[in-house]
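# Turn this into a structure:
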Amino acid sequence: MEIKNVYTKIQQQLDLQLPFVAYQKANTHSLQVFLQEDSLLYEVKGGTDSGFVFAPFDSIHKKVLIPSQKSTSYTVNTTDKIHDDHVGKSHFLPEQDIVSVSIKENHKQLVAQGKEAIKAGVFEKVVLSRREEVDTSITNNPLQLFKKLLFTYPKAFVYIWYHPQIGLWLGATPETLIKVKDHNFSTMALAGTQPFIDTINVDWGAKELVEQEMVTTYVIKELSTVVKNIEYSGTYTHKAGTLLHLRTDINGILSDTDTTIENIINVLHPTPAVCGVPKNEAKSFILKKEGYDRKYYTGFLGELNIKKEGKVMSEIFVNLRCMEIEKNKAVLYVGGGITKDSDPEKEWEETVRKTETMKKVLF
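Okay, here's the model as predicted:
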């Protein structure tokens with residue numbers, strides 16, 4: 001099937017208010033689509049569920065599944081995808097780039113509170129975030145935004161997801177939560193952020209290096225309970241769109257046949273990269289102090305127990321660099337890791353840089 005026909009089917013699904021997801025993995029030219037045949041809300045129940053999972057940061061919200069057996073699926077090559085007038089040169093409208101002084105000061109105060117909690121020994125690291133509403137009454141429709149995301153961020157996991165009972169989300173995330181094929185398992189530790197300017201050969205400050213080491217150590221320690229023969233790479237600079245991060249690749253073998261993808265997700269989620277260390281103390285602080293509901297931001301999404309080439313595979317991503325589309329507005333979600341060495345002004349500037357991922361396709 002031609003890609004333009006697939007986009008037509010996706011638009012029809014949206015018009016009929018039926019659940020769907022379309023996505024492309026990093027460095028591929030293959031668009032995957034699941035079109036759910038009814039409007040029911042299916043939740044993940046156990047380790048054998050198969051389909052596309054969309055899960056929240058906090059369990060107060062539903063862990064939604066677009067089931068394989070309840071969906072029509074397509075795989076289409078995007079090498080010759082049509083960008084036409086949907087992908088022009090991005091530019092910012094001046095009024096959209098202005099964030100109120102109160103929003104900035106509130107976030108800086110939140111960072112200061114996080115540092116105080118670190119100083120008091122509550123946790124070693126916490127990831128603090130904010131939301132930003134942007135007027136989209138003059139921008140393109142969701143499918144056009146999705147096409148622009150595909151074009152702009154080919155090295156990210158790019159998706160558009162919709163359920164009438166949950167809402168419409170789009171994103172371009174750089175971070176894999178887990179990938180499982182047979183008994184082989186892989187994940188990554190990601191931390192630190194700076195803008196990409198011509199080269200990935202950059203220097204990292206002590207704050208970012210300590211944060212990355214903290215994340216890597218925690219992930220390996222937690223995984224050791226369910227994964228054996230853990231190996232990990234050296235830390236290196238990873239480019240994700242207009243940003244650079246520190247990254248460490250981690251892989252291993254599942255300890256036994258009773259170890260399911262659900263066990264591993266429970267161990268990892270939420271990761272230190274979106275929550276903090278230790279996890280429970282950091283999460284409690286976030287829920288109490290952030291002052292808003294993250295919903296599905298910093299949750300996870302992806303293929304769950306999908307049969308490919310005779311093997312059952314799962315590939316799950318952390319929901320970062322994302323936005324929720326509401327009537328005439330987009331809600332952007334951004335955050336950053338806070339350690340004892342964090343500077344509130346610089347942490348604010350990091351969140352501003354991260355909003356550029358979505359704003360580049362909105363305007």
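# so what's the most centrally placed residue in the chain closest to, chain neighbours aside?
What sits nearest the mean C-alpha location of the chain, by C-alpha atoms, centre = their mean, is Asn319, with 1.9 Å. The shortest distance from Asn319 to any non-neighbouring residue, by C-beta to C-beta, 6 or more residues apart in numbering, is to Gly299 (4.9 Å). Bear in mind the C-beta positions are built from the backbone N, C-alpha and C, glycine included.
# Contacts only, for that neighbour.
If a contact means C-beta atoms under 8 Å, 6 or more residues apart in numbering, then Gly299 has Phe54, Ala55, Pro56, Phe57, His61, His269, Pro270, Val318, Asn319 as its contacts.
# can you check Ser30 too?
Per C-beta under 8 Å, 6+ apart, neighbours of Ser30: Gln24, Thr75, Val76, Asn77, Thr78.
# so where does the residue lying closest to Ser71 once chain neighbours are set aside fall, helix or strand?
Nearest non-adjacent residue to Ser71, counting by C-beta to C-beta, 6+ apart: Phe34, 4.4 Å away. Element membership for Phe34, per DSSP states H and E: strand 30-36.
# For that strand, buried residues please.
Neighbour-count burial for strand 30-36, with 16 or more other C-beta atoms under 10 Å as criterion, is recorded at Leu31, Gln32, Val33, Phe34, Leu35, Gln36.
# ok now the following helix or strand past that strand, how far from the chain's centre?
Of the helices and strands lying after strand 30-36 in sequence (DSSP H and E), the nearest is strand 42-43. Relative to the mean C-alpha coordinate of its chain, strand 42-43 is positioned 20 Å out (C-alpha atoms, centre = their mean, to the nearest Å).
# try stretch 264-284
15 Å.
# Quick one: residues contacting Glu37.
Per C-beta under 8 Å, 6+ apart, neighbours of Glu37: Leu18, Lys70, Ser71, Thr72.
# Check the spacing between it and Phe146 real quick.
21 Å (C-beta to C-beta, to the nearest Å).
# same deal with Asp203?
Taking C-beta to C-beta, one finds Asp203 at 36 Å from Phe146.
# sec struct for Arg131, please.
Of the three states, Arg131 takes strand under DSSP: H, G, I helix; E, B strand; the rest coil.
# oh, I was asking about Lys108
helix.
# thinking again about what came up before, give me the more crowded residue out of Asp203 and Phe146.
Phe146 (26 against 7; other C-beta atoms under 10 Å).
# Tell me which residues touch Ser137, please.
Per C-beta under 8 Å, 6+ apart, neighbours of Ser137: Asn328, Lys329.
# Which helix or which strand is home to it?
Going by DSSP H and E, Ser137 is not in any helix or strand.
# which sections of the stretch 1-150 of the chain are below the confidence cut-off?
47, 80-99, 138-140 (pLDDT under 70).
# just the strands in it please.
20-24, 30-36, 42-43, 51-55, 64-67, 71-77, 125-135 (DSSP state E, counting those that start in this stretch).
# circling back to that earlier point, want to try CSV for the buried residues of strand 30-36, with distance to Cys275 as columns?
Below are those laid out as CSV (distance: C-beta to C-beta, whole Å):
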residue, distance to Cys275
Leu31, 31
Gln32, 28
Val33, 31
Phe34, 28
Leu35, 33
Gln36, 30
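# Looking at those, which is nearest Val101?
The closest of the buried residues of strand 30-36 to Val101 turns out to be Leu31 (C-beta to C-beta; 41.9 Å).
# and the closest one, what does it touch?
If you count contacts by C-beta under 8 Å, 6+ apart, Leu31 has them with Ile3, Val6, Ala22, Tyr23, Gln24, Tyr74, Thr75, Val76, Asn77, Thr78, Lys81, Leu150.
# what about the closest residue to Asp135 other than its chain neighbours, distance to Glu132?
Closest residue in space to Asp135, ignoring its immediate chain neighbours: Lys329 at 5.9 Å, by C-beta to C-beta, 6+ apart. Look at Lys329 and Glu132: by C-beta to C-beta, they are 10 Å apart.
# who's more crowded, the two?
Glu132 (19 against 15).
# Would you check that that one makes contact with Val331?
Yes: Glu132 is within contact range of Val331, at 7.4 Å (criterion: C-beta atoms under 8 Å).
# Closest one to Leu244 out of the contacts of Gly299, please.
Val318 (17.2 Å).
# Residues in a beta bridge with that closest one, which ones?
The partner list for Val318 in beta bridges (DSSP bridges) reads Phe300.
# Give me the distance between it and Asp198.
In terms of C-beta to C-beta, Val318 sits 27 Å off from Asp198.
# More neighbours: these two, which one.
Val318 (30 against 6).
# Give me the pLDDT for Asn266.
With respect to pLDDT, Asn266 scores 86.
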